[in-house]
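[1] this is the structure alone, sequence omitted:
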Ligand code: G6P
């Protein structure tokens with residue numbers, strides 16, 4: 001975990017996110033094992049090294065006793081992480097409930113969970129109260145560790161109340177808020193009954209509000225104008241003379257980390273094994289959290305359609321799907337897991353032989369080196385998610401493809417479509433006929449076209465890195481505050 005490398009001569013930065021970059025597993029009364037967390041936010045922020053940074057967040061575990069809390073706090077301090085302890089009830093209502101059962105699907109245009117719409121509507125208020133309470137708990141930990149001059153950078157949909165809590169405590173605190181998901185059209189936002197105003201107003205307490213794309217930023221400004229009746233300006237949103245700056249800051253990855261890893265002997269060895277294992281077959285790869293926004297069932301159905309229509313490819317291509325379990329206490333995610341298993345089993349039964357199956361589906365994450373090797377031997381990366389704030393898997397794939405120059409098939413509904421669109425094959429993930437045709441096109445693509453497309457994407461991924469993203473956001477936040485001070489003096 002490179003996050004632990006502190007740089008005391010640099011600006012102090014408090015990163016506040018629901019999840020820490022490490023998750024804790026209890027090994028004894030006062031002993032803990034720390035494992036790296038998964039997800040786009042962690043993968044991007046681990047690459048940020050320009051600041052003297054600390055990360056405040058939840059360690060993903062309930063620790064009711066003070067002995068355990070003390071020991072975990074100490075273990076995390078070595079990684080420059082500071083825990084927020086959330087009890088089971090809060091996690092149930094705030095994290096499983098309001099964040100992942102309500103905000104997450106709505107922000108990705110998937111609507112409320114189908115089977116329990118009424119139940120969800122009824123539990124709105126108690127989950128919202130827990131959400132506010134949890135945000136205040138994060139604010140308390142920030143206040144405890146804050147030093148004058150620190151930049152406080154709040155992340156994601158879990159912490160929309162945080163900017164307000166922080167500013168109410170200390171109006172001079174420099175506060176930025178960044179959303180890692182799409183920000184949907186104001187019409188979607190309006191369906192959060194009566195709560196929408198509170199969330200938007202709270203975010204506006206920040207000095208700078210950032211999104212991955214210009215579209216998301218525009219949706220946010222129009223939600224503020226339509227729902228709150230405020231004025232949208234080219235710089236952001238204005239409320240009674242106070243300007244909240246709103247802008248797009250497309251995230252990237254630490255591409256060098258991936259490129260360097262490919263040179264390591266253990267990664268090379270792993271690549272050799274994979275090449276031998278899949279000799280004579282083209283490799284298609286999907287790496288996703290097992291989440292409804294990732295469209296894994298749709299992806300597999302499109303692959304089935306491709307096999308149906310292309311008899312000659314049946315034993316010449318394999319789809320490796322890494323589906324990392326996530327939010328396993330949320331019923332929608334449990335249903336999705338069973339659904340995916342059922343479809344994979346059916347297709348393997350239908351097209352498999354005694355010696356090979358068309359889909360290898362793994363319900364777990366891979367370590368970093370195994371993942372890099374897998375990216376490097378892949379011929380076609382299948383990133384046709386239903387909706388995604390950015391989708392850094394597509395960036396990671398491109399970073400590892402300098403020698404193979406494989407093809408990226410990317411959803412037009414991923415933020416990454418705006419940056420990698422010219423090099424990728426863009427598809428509508430809901431249209432499995434179109435996706436199946438694109439698979440054929442990708443597998444047959446001539447080398448010169450692959451090379452041209454890869455070059456475009458590789459240039460982008462290696463020049464728009466997570467370091468640059470963080471530095472730009474923080475410097476914009478500093479500038480915004482100086483400008484605001486100048487305006488007040490005038
Ligand atoms: C997305 C969100 C992150 C979240 C990650 C993993 O990338 O934007 O905030 O941490 O998913 O989800 P989890 O619920 O396991 O933290």
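    Alright, I've got the coordinates. The shown structure was predicted, so the numbers you read here are calculated from the model rather than taken from an experiment.

[2] so for the closest residue to the ligand within the stretch 51-200 of the chain, what's the pLDDT?
    Evaluated by C-beta to the nearest ligand atom, the stretch 51-200 of the chain has residue 180 as its residue closest to the ligand, separated by 3.7 Å. All C-beta spots, glycine's among them, are computed from the backbone N, C-alpha and C. Per-residue pLDDT puts residue 180 at 97.

[3] does the ligand have contacts with the helix or strand containing residue 125?
    Here residue 125 is covered by helix 117-145, with elements defined by DSSP states H and E. No. In terms of C-beta under 6 Å from any ligand atom, no part of helix 117-145 sits within range of the ligand; the closest distance is 13.2 Å.

[4] tell me the helix or strand right after that helix.
    Reading on from helix 117-145 to the C-terminus, the next helix or strand found by DSSP H and E is strand 151-155.

[5] note down every partner strand of that following strand and its orientation.
    In the sheet containing strand 151-155, its partner strands are strand 12-19 (parallel), strand 174-178 (parallel), by DSSP bridges.

[6] buried ones in it?
    Within strand 151-155, the residues that count as buried by 16 or more other C-beta atoms under 10 Å are 151, 152, 153, 154, 155.

[7] that one near the ligand anywhere?
    No. Applying C-beta under 6 Å from any ligand atom, one finds strand 151-155 separated from the ligand by no less than 6.6 Å.

[8] average pLDDT for that strand?
    97.

[9] so residue 282 touches residue 316, yeah?
    Yes. Applying C-beta atoms under 8 Å as the test, residue 282 and residue 316 come out as touching, 6.3 Å apart.

[10] the two: which has the busier surroundings?
    A side-by-side neighbour count of residue 282 and residue 316, using other C-beta atoms under 10 Å, places residue 282 first with 18 against 12.

[11] contacting residues around the more buried one?
    316, 317, 318, 379, 380, 443 (C-beta atoms under 8 Å, 6 or more residues apart in numbering).

[12] from the residues you listed, which is closest to the ligand?
    When the contacts of residue 282 are ranked by distance to the ligand (C-beta to the nearest ligand atom), residue 380 comes first, at 23.5 Å.

[13] residues near residue 231, how many?
    Residue 231 has 14 nearby residues by other C-beta under 10 Å.

[14] and the pLDDT at it?
    In this model, residue 231 is scored at 94, pLDDT.

[15] name whatever forms a beta bridge with it.
    Counting by DSSP bridges, residue 231 forms beta bridges with residue 238.

[16] how close does the closest residue to residue 161 other than its chain neighbours get to residue 123?
    With C-beta to C-beta, 6 or more residues apart in numbering as the criterion, residue 161 has its nearest non-adjacent residue at 3.6 Å, and that residue is residue 135. Computed with C-beta to C-beta, to the nearest Å, the distance linking residue 135 and residue 123 is 18 Å.

[17] what are the boundaries of the strands in the stretch 251-400 of the chain?
    Secondary structure of the stretch 251-400 of the chain (DSSP state E, counting those that start in this stretch): strands located at 282-289, 317-324, 359-362, 380-383.

[18] format those as JSON lines; extra columns: distance to the ligand and mean pLDDT.
    Formatted as JSON lines, the entries for the strands of the stretch 251-400 of the chain read as follows, by distance: least, C-beta to the nearest ligand atom, whole Å; pLDDT from 0 to 100:
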{"stretch": "strand 282-289", "distance to the ligand": "6", "mean pLDDT": "98"}
{"stretch": "strand 317-324", "distance to the ligand": "9", "mean pLDDT": "98"}
{"stretch": "strand 359-362", "distance to the ligand": "17", "mean pLDDT": "98"}
{"stretch": "strand 380-383", "distance to the ligand": "14", "mean pLDDT": "98"}
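
[19] possible to save those as CSV with distance to residue 264?
    Below are those laid out as CSV (distance: least, C-beta to C-beta, whole Å):
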stretch, distance to residue 264
strand 282-289, 19
strand 317-324, 20
strand 359-362, 22
strand 380-383, 21
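
[20] tell me the most buried of the ones you listed?
    Highest mean neighbour count of the strands of the stretch 251-400 of the chain: strand 380-383, a mean of 28 (counted as mean count of other C-beta atoms under 10 Å).

[21] now do the end-to-end distance for stretch 161-176.
    Taking C-alpha to C-alpha, to the nearest Å as the measure, stretch 161-176 stretches 12 Å from start to finish.

[22] in a helix, that's where residue 243 is, yeah?
    No. With DSSP: H, G, I helix; E, B strand; the rest coil as the criterion, residue 243 is assigned strand and is not in a helix.

[23] what's the distance between it and the ligand?
    From residue 243 over to the ligand the distance is 27 Å, taken as C-beta to the nearest ligand atom, to the nearest Å.

[24] surely residue 302 meets residue 384?
    Yes. With contact taken as C-beta under 8 Å, residue 302 and residue 384 are classed as touching, separated by 7.4 Å.

[25] anything in contact with each of the two?
    Common neighbours of residue 302 and residue 384 (C-beta under 8 Å, 6+ apart) are 429, 435.

[26] buried ones in stretch 73-80?
    Buried positions in stretch 73-80, judged by neighbour count with 16+ other C-beta under 10 Å: 73, 75, 76, 79, 80.

[27] quick one: which of these sit in strands?
    Of the buried residues of stretch 73-80, none are assigned to strands by DSSP state E.

[28] filter the residues you listed down to the ones in helices?
    In this view, the buried residues of stretch 73-80 that belong to helices under DSSP state H are 73, 75, 76.

[29] so residue 168 is in which element?
    Under the assignment here (DSSP H and E), residue 168 is part of helix 162-169.

[30] my bad, should have said residue 89
    Assigned by DSSP H and E, residue 89 falls within helix 88-90.

[31] averaged pLDDT, that helix. What do you get?
    Helix 88-90 shows a mean pLDDT of 96.

[32] can you pull the buried residues of that helix?
    Buried residues in helix 88-90, defined by neighbour count with 16+ other C-beta under 10 Å: residue 90.

[33] for stretch 223-233, same thing?
    So, applying 16+ other C-beta under 10 Å, buried residues of stretch 223-233: 223, 224, 227, 230, 232.

[34] now do residue 468 against residue 249, distance only.
    As it turns out, when the distance is counted by C-beta to C-beta, residue 468 lies 10 Å from residue 249.

[35] can you list the buried residues of strand 151-155 in JSON lines and add distance to residue 464?
    Shown next, in JSON lines, are the buried residues of strand 151-155 (distance: C-beta to C-beta, whole Å):
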{"residue": "151", "distance to residue 464": "21"}
{"residue": "152", "distance to residue 464": "25"}
{"residue": "153", "distance to residue 464": "19"}
{"residue": "154", "distance to residue 464": "23"}
{"residue": "155", "distance to residue 464": "19"}
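
[36] tell me which two of the residues you listed sit farthest apart.
    The largest separation in the buried residues of strand 151-155, counting by C-beta to C-beta, is between 151 and 155 at 12.8 Å.

[37] what mean pLDDT does stretch 236-246 have?
    The average of the pLDDT scores along stretch 236-246 is 93.

[38] next: stretch 211-226.
    Averaging pLDDT along stretch 211-226 yields 97.
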